[in-house]
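**Q** one predicted model, sequence on top.
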Amino acid sequence: MRKKQFRIFGLFFLLGSLAFAQTSGIVKDTDGFPESDVEIKVKGTEKTAYTDENGNFNIDAKIGDILLIKGKEITITTETLGDLSHYFQEEKTVDLTTAVVTGYSTQRKEEVTAAVSVVNSKELLDSKSPNITNLLQGKVAGLTIINNSGKPGEVGKMRIRGKSSIYGNQDALWVVDGVIYHKTPNINPNDVETISILKDAAATSQYGSRGANGVVIVTTKRGKGKGLTVNVDYASSWNFFNSGKFNVMNGAQMYQNFMNMEGAPTIPTDLEKTNFDWVDKGTQVGAVQDATLSIASNSESTNLYSNINYYNEKGTVKGYEYERLAARINIDHKLTDKISFKPKLNATYTSSEDKEHSLFGMYTNMPWDNPFDKNGKPINPNADGVEWYGRDFANYYYDLQTNYGESNIFDIQANLDFTWKISNSLTFESTNNVQYYSETSMSYVDPKSISGSAFDGSVYQYSDRRIVRLFNQMLRYNKKFGEHSLSGYAAYEYSDYDYKNLSGTKQGVIPGSEILNNGANAFAANGTRNDYAFQAGLAQVNYGYSNRYYAQASYRLDGSSRFGKDKRYASFYAFSGGWNVSNEEFLKDSQVISNLKLRASYGVVGNVGPDDKLYLFYGLYSNSGQYNGLPALTQDQYRNPDVSWETSKDTNIGLEFGLFKRFNFTLDLYDKNTDGLLYFVKFPDTSGWKGYWDNVGKVNNKGIEFSVNASLFNSSSEFQWNLGFNIAKNKNVVKELYNDTPIYLDQIVGGYLKRVEVGRNMDSWYLRKWAGVDPTNGNPLWERVDPNTGEVSKVSKYSDATLQYVGESTPDFNGGFSSTMSFKGFVLSADFVYSKGGYAYNEGRELFDADGAYPYYNQMTLADGWSRWTPTNTNATHPKAVFNNSSASNKTSSRYLEDASFLRMRSVRLGYNFDQKNIEKLGLKGLGVYVSGDNLWTATKYTGADVEAVISGDRTSNYPNPKRFTFGLNLTF
């Protein structure tokens, strides 16, 4: 019956289309922003229509009729009028930054009352990476990106306005085309149109319980202009291993170091001339290939954007290759004048082959050990008759003959979205998304390899699967009443997550076999499954008056399965306002002040807790034990039905200021108080339970952010020079902890590095304080603080030294700056990122700068300004070297804390875009070429390989970010 009714409706619709001529068009305001609710009239008739939220309209009119629009008379010359902007203003290029995606809505820049920063697609082109996170570094005040590894495919760490949780999630929430993602999205950077960074509660409260750490909104590309456009991008890069200031000794240096060690045994003199450079032989110029083909079209009924990308990168450490194939298709199709269908599909397939040389071994292996025999065959150091000096008797070249690993990831996201224009001011939007993620990996260790000889080899297999679903049903309203504007939405949202994995290891394998069944001994088998769900009701109202005064209020009632039934739901909300002072009569015609805007906001947002702790309120038993061959349950987590969200109360005041239409300044001050910090309260061992989760802590983040963008020359000048600069400072203070008891964090072998205490920064180093070298005997010294008097003295016994606060890892301030110059098709740009203050712990020095404690590990060469104590050099930075040193001089202390300040030339790029007139005969619409360099120069006092890697927490043999040179070509047909 329904099918019959649908056919009848379709027939009437077809007859109606034949009976009435339809004329369509698009109306935009003076900024090029689609204008809704504009009246369209056919002159001399009563026929009337209104534009929708995208500025589109359809009206019953024929060729020759005259339309009345915004006081203009427009004669219809074709049924498809297209963009009518030229009727209402002088021809100009539309500035896409006037449209700001602020979460679930898009606003004009002047309407935005929250702290939102926007990065467009052009700003992401200055560097080369398969991950969009890495490309954001230094571009937004208050957004800290640490590219913590140069290994291909690795994703940088992101923080927005500091840390507001101890054990909870500290990562920003990612949203792509309205869909909330689990973790950082795996999408092609070439697909990105804009990225909005939502920083204050007025912006992030729309995401309620997951907005406390900031939100990153990604909008992907759509077709532009008319007709079909085909674009081809190709880039080839060469990556060079970048060891920074960190260098290990060659054979001669190691020989002298050995001879100068007190108590060292006699070694052959020919070792001074023996040298195998493990670092040089284990690294390479890593090639990168990045090719993209995109097709876009735009018509009255259908907008299409499709893209396919191939990315391949070989690591600067030999033996690792990363490969990714990504594809996307975005379609906006108008089924009727009121209903549009908007399907989207994004898929990536990522694989890696791992026969990577050991970076740790490259640094620690002795230069006196040659891994190859005279015939070039790898040596087994453990074989009889082999002379080997390295402490671990490890030659990874021998194992690389047989051992290897691989990984494959398939990640797909599909949307079936549609919109229904109920009236000129009311629209229903439906977002329906499914994300599927699957990973498989394996590693093979051969029975004859050094690492596999003890257990006759092994095979490890791993697989996991993740399914995330999101459904959002939203009703939008947008209406103008003279000088008043009112817009908003109300929505219901549901999302769920289901995850499971399996892994297994067998030992005693048949050589060359990757199959678990071909292993003799089951060594380990693991598997887990977890899930959670959210549902929420949300609403937002925006009011504007006379393009001068704006107000916004938002509310979200969030529910999560992670908490008990009495604490499952919580309310999150925000209020904000803005005053466009420059639109007031007394400034409207100012030739000096081109923009002046004040805004303020207050809101409450939440944090749901640790990603790996999904059942915080349950009483849990562990079944990891066994008894008499059967599973045995043991008490684990004690029940707490009252545990709930972490909550952040956020205040923000902002000023936007423009001069001469060339200089734009933004200043934000914020104060964020987070309470109810999730903390695992431990029970005494005699209780039988480990403990329970509770909300018992508070932390405050307050800071200042400033950015400026300047166009130094008039827009009519052929030469253009644009400058950008941003700086941010965040102060973090812990206000409350459970029973005011300090928490020890960042555990390493031998102790802890950080301690969280009331009144201090969350990232405070708590170590024994290094006091230098005793000039009389070359012994190490540390500080001892008398607990009663506070008197400071020096001691030479490590255990007598006092644990104390010795600095913070949080920088005093950080940011970035950029320069872009263009002239007659040439474009020269440069980007820099910097961080001032804060200390990083160079844990690698415990091994490589060990004063003889590890005599058969290679050692680092002394940095400029360092010297070793000898009887003739008593004013030294380093203690005397002693063979098998037992003085504990290399144990954890502030000796290895180093200034983490740095200034890095993130990228420099020179490009040329050919004049279209000169390439039309080639059938091209556009042709551009460029060369660029990344990470070419870094200024820092840090003595390790890469200060960014150690800041992120990888304190030992970090994989440094490479120096990169790139050649690129862009073709548009």
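**A** Looks like it came in fine.

**Q** low-scoring stretches of the stretch 201-350 of the chain, by residue?
**A** Nowhere does the stretch 201-350 of the chain drop to pLDDT under 70.

**Q** residue boundaries of the strands in it?
**A** All strands of the stretch 201-350 of the chain, identified by DSSP state E, counting those that start in this stretch, fall at 215-220, 227-240, 286-298, 302-314, 320-334, 339-354.

**Q** buried deepest among the ones you listed, which one?
**A** strand 215-220 (a mean of 23; mean count of other CB atoms under 10 Å). In short, each C-beta sits where N, CA and C put it, glycine included.

**Q** pairing partners for that strand, with directions?
**A** According to DSSP bridges, strand 215-220 has the following sheet partners: strand 173-176 (parallel), strand 192-198 (antiparallel).

**Q** now tabulate the ones you listed in a markdown table and tack on mean neighbour count, distance to residue 151 and mean pLDDT.
**A** Listed next are the strands paired with strand 215-220 as a markdown table, based on neighbours: other CB atoms under 10 Å; distance: least, CB to CB, whole Å; pLDDT from 0 to 100:
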| stretch | mean neighbour count | distance to residue 151 | mean pLDDT |
| --- | --- | --- | --- |
| strand 173-176 | 23 | 21 | 93 |
| strand 192-198 | 22 | 23 | 91 |
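
**Q** turn those into a markdown table, columns for distance to residue 499.
**A** Below are those laid out as a markdown table (distance: least, CB to CB, whole Å):
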| stretch | distance to residue 499 |
| --- | --- |
| strand 173-176 | 17 |
| strand 192-198 | 27 |
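
**Q** nearest to residue 769, of those strands?
**A** Proximity to residue 769 (CB to CB) singles out strand 192-198 among the strands paired with strand 215-220, at 38.5 Å.

**Q** roughly how far is the closest one from the heart of the chain?
**A** For strand 192-198, the separation from the chain centroid amounts to 12 Å (computed by CA atoms, centre = their mean, to the nearest Å).

**Q** how many neighbours does residue 665 have?
**A** Here the number of neighbours of residue 665 (other CB atoms under 10 Å) works out to 16.

**Q** repeat that for residue 908.
**A** 18.

**Q** out of the strands paired with strand 215-220, nearest to residue 694?
**A** Closest to residue 694 of the strands paired with strand 215-220 is strand 173-176 (CB to CB; 24.3 Å).

**Q** identify the residues contacting the closest one?
**A** Outside strand 173-176, the residues that touch it by CB atoms under 8 Å, 6 or more residues apart in numbering are 103, 180-181, 183-185, 187, 204, 207, 210-211, 213-218, 220, 413.

**Q** and for stretch 396-409?
**A** The contact list for stretch 396-409, computed with CB under 8 Å, 6+ apart, reads 186, 319, 348-355, 357-358, 361, 371-372, 378-381, 437-446, 448-452, 511.

**Q** can I get that stretch in CSV, CA atoms only?
**A** Provided in CSV are the C-alpha atoms of stretch 396-409 (Å, rounded to 0.1, in the frame of the first residue of the first chain):
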residue,chain,number,x,y,z
TYR,A,396,70.3,-7.3,15.5
TYR,A,397,71.6,-7.8,12.0
TYR,A,398,71.8,-11.6,12.8
ASP,A,399,68.1,-11.6,13.9
LEU,A,400,67.0,-9.5,11.0
GLN,A,401,67.9,-12.3,8.6
THR,A,402,64.8,-14.2,9.8
ASN,A,403,62.7,-12.2,12.2
TYR,A,404,60.0,-9.7,11.1
GLY,A,405,56.6,-8.3,11.8
GLU,A,406,53.7,-6.8,10.0
SER,A,407,50.4,-5.0,10.6
ASN,A,408,47.3,-4.3,8.7
ILE,A,409,44.5,-1.9,9.6
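
**Q** so which bits of it are buried?
**A** Within stretch 396-409, the residues that count as buried by 16 or more other CB atoms under 10 Å are 396, 397, 398, 399, 400, 402, 403, 404, 405, 406, 407, 409.

**Q** quick check: the fourth one vs residue 856, distance?
**A** For residue 399, the distance to residue 856 equals 20 Å [CB to CB, to the nearest Å].

**Q** quick one: which of the strands paired with strand 215-220 is nearest residue 520?
**A** Short answer: strand 173-176, nearest of the strands paired with strand 215-220 by CB to CB, at 44.8 Å.

**Q** adjacent strands (with direction) for the next helix or strand after that closest one?
**A** Next in sequence after strand 173-176, counting helices and strands by DSSP states H and E, comes strand 179-180. Here strand 179-180 is paired, per DSSP bridges, with strand 173-176 (antiparallel).

**Q** how close does residue 411 get to residue 892?
**A** Computed as CB to CB, the residue 411 to residue 892 distance reads 40 Å.
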